[in-house]
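Visitor: could you work out the structure for the sequence below:
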Amino acid sequence: MLYRVEGLIIRSMDYGEGNKIVTLLTNTNGKVGVLIRGAKKPKSRHGSLAQPFTHGEFAFFRTGGLGTLNSGEIIASHHKLREELELAAYASYAAELTDRSLQDEDAGTFLFEQLNALFAGLEEGKDPSVLIHLYEMKIVQAAGYSPVLNACASCGGQEGPFALSARLGGLLCLRCRHTDPQAMKPGDGALKLMRLFARMDMRRLGAVQVKPETKRELKTCMRALLDTHLGLQLKTRSFLDSLDVLRPPEV
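Guide: Residues are numbered from 1 along each chain as shown. Next up is the predicted model:
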């Protein structure tokens with residue numbers, strides 16, 4: 001059967017001497033694996049359609065699990081995301097997180113639009129750490145672990161101050177904080193942004209200024225949620241963290 005989809009390449013791997021297999025996050029069919037024959041050959045007309053982060057239209061035949069590309073057209077190459085090391089690190093992390101955290105049926109149109117907006121935002125020069133933490137929230141929600149951020153996850157109380165329990169999946173009020181001694185205490189700025197991220201569409205994010213301390217708290221909170229509920233070991237995250245070590249601290 002011939003399928004025509006709009007998709008983003010979230011993984012690309014060599015197959016045989018001249019071929020590649022790409023994983024697409026599509027707007028209609030979830031995640032799809034597609035074989036692109038001859039993609040590694042210098043004169044291949046489909047070589048550019050096998051590049052990571054490419055946004056395109058893909059037509060492929062599929063009778064079982066893996067499809068075979070018939071034709072395609074690039075909508076946005078996102079070449080900048082492959083050429084600049086920091087942008088490549090963030091885009092690669094987002095792509096691997098998407099691929100590893102979601103089953104095919106979990107990857108719907110909304111998440112496709114969110115990842116597409118993330119790639120576009122990185123190219124436009126928006127703050128990459130803010131973008132990635134917003135996208136992490138979308139992944140946590142898509143995986144079914146949306147944190148409770150508007151009330152205490154234990155008793156439902158709405159009176160702060162609050163701590164964040166990754167294990168219990170949300171905020172804990174002062175009376176319930178003893179239920180998780182490892183609960184974190186994010187500042188008001190980080191908590192406000194997390195609440196915003198939980199309801200915000202990535203496509204609506206504009207240019208924002210976030211204090212370095214708030215960014216650090218956001219990273220700690222989002223990592224705790226991801227590690228507790230998804231438990232993934234991602235090579236791209238380790239590389240992204242290594243860039244943080246080399247980068248001069250923000251003041």
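
Visitor: can you give me the strands in this protein?
Guide: Remark: strands assigned in the chain by DSSP state E are 2-15, 19-26, 31-36, 55-61, 67-76, 148-152, 163-165, 170-172.

Visitor: adding distance to residue 197, write those strands out as a markdown table.
Guide: In short, each C-beta sits where N, CA and C put it, glycine included. Converted to a markdown table, those look like this (distance: least, Cβ to Cβ, whole Å):
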| stretch | distance to residue 197 |
| --- | --- |
| strand 2-15 | 21 |
| strand 19-26 | 20 |
| strand 31-36 | 23 |
| strand 55-61 | 23 |
| strand 67-76 | 24 |
| strand 148-152 | 9 |
| strand 163-165 | 13 |
| strand 170-172 | 14 |
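
Visitor: which of those sits closest to residue 194?
Guide: With Cβ to Cβ, the closest approach to residue 194 among these belongs to strand 148-152: 5.8 Å.

Visitor: quick check: buried residues in that closest one?
Guide: In terms of neighbour count (16 or more other Cβ atoms under 10 Å), strand 148-152 has its buried residues at 148-149, 152.

Visitor: before we move on, what about stretch 236-245?
Guide: Neighbour counts over stretch 236-245 (16+ other Cβ under 10 Å) mark 236-237, 240 as buried.

Visitor: what's the distance between residue 50 and residue 189?
Guide: Residue 50 sits at a distance of 42 Å from residue 189 (criterion: Cβ to Cβ, to the nearest Å).

Visitor: from residue 11, how far out is the residue positioned nearest the centre of the chain?
Guide: Nearest residue to the geometric centre of the chain (Cα atoms, centre = their mean): residue 94, 3.5 Å. Using Cβ to Cβ, residue 94 is found at 12 Å from residue 11.

Visitor: quick one: contacts for residue 10?
Guide: Residue 10 is in contact with 23-25, 31, 52, 95-96, 98-99, 115, counting by Cβ atoms under 8 Å, 6 or more residues apart in numbering.

Visitor: what does the model give the spatially closest residue to it that is not a sequence neighbour for pLDDT?
Guide: Leaving out its chain neighbours, the residue that sits closest to residue 10 by Cβ to Cβ, 6 or more residues apart in numbering is residue 95, at 4.0 Å. pLDDT recorded at residue 95 is 98.
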